[in-house]
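>>> for reference, the sequence and a predicted model appear below.
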Amino acid sequence: MTETQLIDELEQLRDVRAPASLRAGALQRTGLADAYFPLATPLGRLYVAHNAHGLSAVLYADTPEDFERTFQSELGRLAVAQPPPERLTGTLREWLRGDRRHKLRFDLRGLGAFQRAVLFKALEIPYGQIRPYSWIAREIGHPQAVRAVGTALGHNPIPLFIPCHRVVRSDGHLGQYSLIGPEAKRAVLLDEGVRLDELEQLAQSGVRYFGSDTTRIFCFPTCRYNKTLTDRHRVTFGSEAQARTAGYRPCKVCRPAA
């Protein structure tokens, strides 16, 4: 689109008699608005915004008008209600079931490099598994920035699909959740099949890792390799140092330690 065409199209937006579809389409093409639609999720109805760069926001709101106000306040753009592309809704449903055959793109242009690194690392946590904040800090090369990681996840603009709900405190307790609250975090993890009662008991007793006395490898409790580990061969550890002292090495899949 040339500069002249762009100016002409913006001028049309000032004409109150212009059809709403024309105004909405022009705003989206010029990057001044994102499309949005309601989506049924394990947490009820959420609003999902997207643009040419990918998903841009996932928010809870009582009404579409509330969503539009919040979106404009937080992202500085307008939000225009439009039916979602059929392929996109299918991909979103797959992601909520842990199916990653199709990829999602995310619009994180307004975020700093550190927060983008945190969010992209959270995307690596598999469905039905959890990792501590310290894991993300270490994985992105800032092992001392655990609190900053928590802050970055607390401002995740696309929760549920960028799974900040899979990141928990280093002591094993769930911690906070930016989307609705901690009970929502619990509900999403339960929907993914995470055995929270068992994990909370482990946290209370100080257990952080499981080890296999046959492989001499230690993992996070939710690592997929622990699903076939029997009680007979399971060893528990309260720290990385304890596991290493016992002669165990970290799992190369869930990477519980450097």
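Sure, I can see it. Residues are numbered from 1 along each chain as shown.

>>> strands of the chain, residue ranges please.
33-41, 44-51, 54-59, 78-81, 131-132, 167-168, 209-212, 217-219, 234-237, 249-250 (DSSP state E).

>>> my read: residue 53 touches residue 77, true?
No. Using CB atoms under 8 Å, residue 53 is not in contact with residue 77, being 11.7 Å away. Placement of C-beta: from N, CA and C, glycine included.

>>> tell me, how many neighbours does residue 254 end up with?
By other CB atoms under 10 Å, 23 other residues sit near residue 254.

>>> how near is the residue lying closest to it once chain neighbours are set aside to residue 192?
Of all residues not flanking residue 254 in the chain, residue 223 sits nearest, at 3.9 Å (CB to CB, 6 or more residues apart in numbering). Using CB to CB, to the nearest Å, residue 223 is found at 14 Å from residue 192.

>>> what does residue 149 give?
Following CB to CB, the distance that separates residue 149 from residue 192 is 21 Å.

>>> same check, this time on residue 199
From residue 199 to residue 192 the distance is 12 Å (CB to CB).

>>> kindly report the same for residue 140.
23 Å.

>>> higher neighbour count, those two?
The residue with more neighbours, out of residue 140 and residue 192, is residue 192; 20 against 17, by other CB under 10 Å.

>>> isn't that one up against residue 128?
Yes. In this structure residue 192 lies within contact range of residue 128 using CB under 8 Å: 4.4 Å.

>>> which residues are common contacts for those two?
Residues touching both residue 192 and residue 128 (CB atoms under 8 Å, 6 or more residues apart in numbering) are residue 98.

>>> how many neighbours does the closest residue in space to residue 68 that isn't next to it in sequence have?
The spatially closest residue to residue 68, leaving aside those adjacent along the chain, is residue 79, at 4.7 Å (CB to CB, 6+ apart). Neighbours of residue 79 under the rule other CB under 10 Å: 23.

>>> which residues sit in contact with residue 79?
33-36, 49, 57, 67-68, 71-72 are the contacts of residue 79 under CB under 8 Å, 6+ apart.

>>> mind checking which of the residues you listed are buried?
Neighbour counting by 16 or more other CB atoms under 10 Å classes 33-36, 49, 57, 67-68, 71 among these as buried.

>>> the stretch 101-250 of the chain: helices as residue ranges?
Counting by DSSP state H, counting those that start in this stretch, the stretch 101-250 of the chain has helices at residues 113-122, 133-139, 146-154, 182-191, 196-205, 240-245.

>>> mind putting the ones you listed in a markdown table, mean pLDDT and mean neighbour count included?
As requested, the helices of the stretch 101-250 of the chain are arranged in a markdown table below (pLDDT from 0 to 100; neighbours: other CB atoms under 10 Å):
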| stretch | mean pLDDT | mean neighbour count |
| --- | --- | --- |
| helix 113-122 | 97 | 18 |
| helix 133-139 | 96 | 21 |
| helix 146-154 | 95 | 18 |
| helix 182-191 | 91 | 17 |
| helix 196-205 | 91 | 14 |
| helix 240-245 | 96 | 15 |
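
>>> closest to residue 258 out of those?
helix 133-139 (6.4 Å; CB to CB).

>>> helices and strands around that closest one, which ones?
helix 113-122, helix 146-154, strand 167-168 (3 or more CB pairs under 8 Å, 6 or more residues apart in numbering; DSSP states H and E).
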